[in-house]
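Peer 1: Structure of the sequence below:
(2 chains)
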Protein chains: 2
Amino acid sequence: MKSEKISDAVVRRLPVYLRFLNQLSQREVPTVSSQELGQKLALNPAQIRKDLAYFGDFGRKGIGYDVSYLIEKIRQILNLDQPINVALVGAGNLGQALSNYNAYLKDNMKIVSIFDAFPSKIGTQINNITVQPIEELKETVKANNIRIGIITVPDTEAQRVADVLVEAGIEAILNFAPTILKVPPEIRIHGADFTTDLLSLAYYLEGKEHLSDES
Amino acid sequence: MKSEKISDAVVRRLPVYLRFLNQLSQREVPTVSSQELGQKLALNPAQIRKDLAYFGDFGRKGIGYDVSYLIEKIRQILNLDQPINVALVGAGNLGQALSNYNAYLKDNMKIVSIFDAFPSKIGTQINNITVQPIEELKETVKANNIRIGIITVPDTEAQRVADVLVEAGIEAILNFAPTILKVPPEIRIHGADFTTDLLSLAYYLEGKEHLSDES
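Peer 2: Numbering: from 1, shown residues only, chains lettered A, B, ... in the order given. The predicted structure is shown next:
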């Protein structure tokens, strides 16, 4: 094991590798080279080899990676060799859309509870999960060993929800609200704000003229 | 202007700066320091200064950044000093949720058209936009000068939709389908797959034991 800190960009590619390896495994493909991975995933093969080498010496020269073995190792690296329960807060359109993705998650991770503050949402069913009042969050998180929280409430409510999640003992948060949230340093928080993604794409449009001076 | 290639991580922070600067502007705050920005945005002030310095010498020692001026410059850098039209393909839960975010986008970028392949969706209204059949995409993209496409269809349909968007002349794509899409190199594509975000968060959970050897 290399002890250097592994960048988030590397960590974020691991689920991409895992998803494709799972597809190979379903088709009973025994081995795969970094070239094949790179071609399918639109990534540089050298980058893939480097990413995986952070975690161990998984490849064999001239053979490539053993698909089953690499799946097992990436699942271990990502902590997915244990069931990980996820709570979603905000049962609006976005929350409902995300809960549909349980089917894609597989790999031991699952949205098990959905919370909302609106009385009209409480008790409704979303993908077989009954929406609970946010007042039950703390108790439910502890009872169901929920470790990750997803925030899909409006930006004006997001900080309050983050505080509740942290108080309940959540270890990591995925925040879809377009606002920066303050959480203690031991809590891992990722922003998944779609407007940031979209606005940053505009940078790459043609016909741009960079600021050329500081007049 | 510095001619070095600017990393995507830097570009992705610009909309975050812009959003907060817009808030300051609404409150008629004239100037802001990198320390204040850093505190509010949970970022390192040195990182913020470095990010902005890629594009010009915007700050003044002891004063900080002029809010209005920095807003104008970031909008120019992101090409947001012109209207940018966006098409969304996939009028399911996720597409509907994302179209709600037009209110957050402001800044001259707007989802103007929504497409779907399902007859039951065609003609329905989502946030005052009439869902059109995908067969009309090419014509509509050209007629409305649409430059960015958002893909919110199931993974099995995503490549076909990407091909249609590229053929229609779209310059950039935000892909929410959990699959890797092949597009020509001149097309900028960002993956916004939520499952990747969520699975990568598991890496940071406590109690992990890294692979320690290669037995």
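Peer 1: rest of the way, CA atoms for contacts and neighbours
Peer 2: Noted.
Peer 1: Helix or strand: which one has the closest residue to residue A:145 other than its chain neighbours?
Peer 2: Sequence neighbours aside, residue A:85 is the residue nearest to residue A:145 in space, at 6.6 Å (criterion: C-alpha to C-alpha, 6 or more residues apart in numbering or on different chains). Following DSSP states H and E, one finds residue A:85 within strand A:84-89.
Peer 1: which stretches of chain A form helices?
Peer 2: A:8-26, A:34-41, A:45-53, A:67-77, A:93-99, A:102-105, A:137-143, A:155-168, A:194-202 (DSSP state H).
Peer 1: Burial check on residue A:103, number of neighbours?
Peer 2: Neighbour count of residue A:103, defined by other C-alpha atoms under 10 Å in any protein chain shown: 8.
Peer 1: what's in contact with the helix or strand bottoming out on mean pLDDT in chain A?
Peer 2: Lowest by mean pLDDT, DSSP states H and E among the helices and strands of chain A is helix A:102-105, with a mean of 78. Helix A:102-105 is contacted by residues A:110-111, B:178, B:195, B:199 when judged by C-alpha atoms under 8 Å, 6 or more residues apart in numbering or on different chains.
Peer 1: what's the pLDDT at the residue nearest to residue A:67 when sequence neighbours are not counted?
Peer 2: Leaving aside its sequence neighbours, residue A:67 sits nearest to residue A:31 (C-alpha to C-alpha, 6+ apart; 5.1 Å). Per-residue confidence (pLDDT) for residue A:31: 97.
Peer 1: try residue A:57
Peer 2: We have a pLDDT of 89 for residue A:57.
Peer 1: The one 10 residues further on too?
Peer 2: Here, the pLDDT recorded for residue A:67 equals 97.
Peer 1: For stretch A:25-32, measure first residue to last.
Peer 2: 10 Å (C-alpha to C-alpha, to the nearest Å).
Peer 1: Near residue A:20, how many other residues are there?
Peer 2: Residue A:20 has 18 neighbours, counted by other C-alpha under 10 Å.
Peer 1: which intervals of chain A have sub-threshold pLDDT?
Peer 2: A:1-4, A:207-215 (pLDDT under 70).
Peer 1: Tell me which strands whichever strand in it runs longest pairs with, and in which orientation.
Peer 2: Taking DSSP state E as the criterion, chain A has its longest strand at strand A:109-116. Strand pairing for strand A:109-116, determined by DSSP bridges: strand A:84-89 (parallel), strand A:129-133 (parallel).
Peer 1: Pick the most buried one from the ones you listed.
Peer 2: Highest mean neighbour count among the strands paired with strand A:109-116 (mean count of other C-alpha atoms under 10 Å in any protein chain shown): strand A:84-89, with a mean of 23.
Peer 1: quick revisit: for residue A:128, find the nearest of the helices of chain A.
Peer 2: Among the helices of chain A, the nearest to residue A:128 by C-alpha to C-alpha is helix A:93-99 (10.0 Å).
Peer 1: helices or strands next to that closest one in the packing?
Peer 2: Applying 3 or more C-alpha pairs under 8 Å, 6 or more residues apart in numbering or on different chains; DSSP states H and E, one finds that helix A:93-99 contacts helix B:93-99.
Peer 1: what does the helix it packs on contact?
Peer 2: Contacts to helix B:93-99, defined as C-alpha under 8 Å, 6+ apart, come from residues A:92-94, A:96-98, A:194, B:88-89, B:111, B:126-127, B:152.
Peer 1: Select only the buried ones of those in ChimeraX?
Peer 2: With 16 or more other C-alpha atoms under 10 Å in any protein chain shown as the burial test, the buried ones among those are selected in ChimeraX as follows:
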select /A:92,93,94,96,97,98,194 /B:88,89,111,126,152
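Peer 1: now what about stretch A:66-85, what contacts it?
Peer 2: A:14, A:18, A:21-22, A:24-25, A:29-32, A:55, A:58-59, A:107-112, A:144-148, B:199-200, B:202-205, B:208-211.
Peer 1: Please repeat the previous calculation with a cut-off of 7 Å.
Peer 2: Outside stretch A:66-85, the residues within contact range by C-alpha atoms under 7 Å, 6 or more residues apart in numbering or on different chains are A:14, A:18, A:21, A:25, A:30-32, A:58, A:107-112, A:145-148, B:200, B:202-203, B:208, B:210-211.
Peer 1: Give me the buried entries from the residues you listed.
Peer 2: The buried subset of those - by 16+ other C-alpha under 10 Å - is A:14, A:18, A:21, A:25, A:31-32, A:58, A:107, A:109-112, A:146-148, B:200, B:202-203, B:210.
Peer 1: re earlier: tell me how far the longest strand of chain A lies from the chain's centre.
Peer 2: 14 Å (C-alpha atoms, centre = their mean, to the nearest Å).
Peer 1: what angle do that strand and helix A:155-168 make?
Peer 2: Angle of strand A:109-116 versus helix A:155-168, following axes from the mean of the first three to the mean of the last three C-alpha atoms, to 10 degrees, is 120 degrees.
Peer 1: the domain parsing of chain A - what is it?
Peer 2: A:8-77, A:84-198 (automatic domain parsing).
Peer 1: Return the most buried member of the ones you listed.
Peer 2: With neighbours defined as mean count of other C-alpha under 10 Å, the domains of chain A peak in mean count at domain A:84-198, which reaches a mean of 19.
Peer 1: quick one: residue A:119 from residue A:56, how far?
Peer 2: 50 Å.
Peer 1: no wait, residue A:174
Peer 2: Distance, residue A:174 to residue A:56, using C-alpha to C-alpha: 28 Å.
Peer 1: This completes my enquiry, with thanks.
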